[in-house]
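> from the sequence below, what's the structure:
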Amino acid sequence: MLNIKLVIKMSDISTKIEQISARMAMFCTVLIVIIPALLIWSWLDFEGAQRLGLFHRIAQPLTPPSTASLVGGFLISAVLGAFVIGAIYHLRHFFRLCTSGEIFSGEGAESLHKFSKYIVCYAFLAIPAETLIGFVMNINNPVGERIISLSFQTYDLTVIFLCLVVFAISWIYRESVLVAEENAQIV
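Okay, the predicted model is just below:
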């Protein structure tokens, strides 16, 4: 009687994991579409994006930015965006594997670890990228009015710390899966 209840509960848990993973995979797919669209829109309508607060951490130009400045800012943002999209792509792959019941697979562990690598790179590149975007946006200001600023706030430290925690967890998860696969071959 106890064994039957345990099997039913494990089946319920597996079903819940698959449902949540399917939702997260779909959310990742939506983000893979929305993030590039938002990135493109924010540089096509720079003033509108500023009003929404999207560029609050970069040095603001005194005059409307030139087309070259907007293209330069977009290219820098696109590099950062590529890291975000890469991270979400691998996270989506991880959740798709979980949806199909491959929760503790080597492929899933590797996907989660790749996700964590991408977000760590993003966390460390975001700070100098913001400075570089601010420089590009202010290049057309008159001499003496050009601004370059480098800021490191508690928010940045928090993001870096959380990314490193996710990286450590993904590394432990990946190594645990490898150990479990080795042990399964011995038995």
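> can you give me the buried ones in stretch 146-166?
156, 159-160, 163, 166 (16 or more other C-beta atoms under 10 Å). Heads up, the C-betas are built off the backbone N, CA and C, glycines and all.
> quick check, central residue of this protein?
residue 84 (3.9 Å; C-alpha atoms, centre = their mean).
> can you count the residues close to the closest residue to residue 58 other than its chain neighbours?
Once flanking residues are discounted, residue 58 sits nearest to residue 134: 4.1 Å by C-beta to C-beta, 6 or more residues apart in numbering. If you count neighbours by other C-beta atoms under 10 Å, residue 134 ends up with 23.
> list the contacts of residue 134.
58-59, 147-149 (C-beta atoms under 8 Å, 6 or more residues apart in numbering).
> same question, residue 99
Applying C-beta under 8 Å, 6+ apart, the residues contacting residue 99 are 18, 21-22, 25.
> just give me the closest of those residues to residue 120.
Residue 120 has its nearest neighbour among the contacts of residue 99 in residue 25, at 22.1 Å by C-beta to C-beta.
> correct me, but that closest one touches residue 95?
Yes - applying C-beta atoms under 8 Å as the test, residue 25 and residue 95 come out as touching, 3.9 Å apart.
> more crowded one of these two?
residue 95 (24 against 19).
> next SSE after the helix or strand where residue 85 lies?
Using DSSP states H and E, residue 85 maps to helix 67-99. Next helix or strand after helix 67-99 toward the C-terminus (DSSP H and E): helix 106-138.
> just want the angle from the following helix or strand past that next one to helix 67-99.
As assigned by DSSP H and E, the chain's next helix or strand after helix 106-138 is helix 154-186. Orientation check (axes from the mean of the first three to the mean of the last three C-alpha atoms, to 10 degrees): helix 154-186 against helix 67-99 gives 40 degrees.
> packing partners for helix 154-186?
The contact analysis (3 or more C-beta pairs under 8 Å, 6 or more residues apart in numbering; DSSP states H and E) places helix 154-186 against helix 106-138.
> how about the helix it packs on: buried residues?
So for helix 106-138, counting by 16+ other C-beta under 10 Å, buried means 108-120, 122-124, 126-127, 129-138.
> so where is the protein shaky, pLDDT-wise?
Low-confidence segments of the chain (pLDDT under 70): 1-10, 187.
> quick check: longest helix of it.
Ranked by number of residues, the top helix in the chain under DSSP state H is helix 2-44.
> what helices or strands is that one leaning on?
helix 46-51, helix 67-99.
> which positions in the last one come out as buried?
To tie it back to what came earlier, the one meant is helix 67-99. Within helix 67-99, the residues that count as buried by 16+ other C-beta under 10 Å are 69-70, 72-74, 76-77, 80-81, 83-99.
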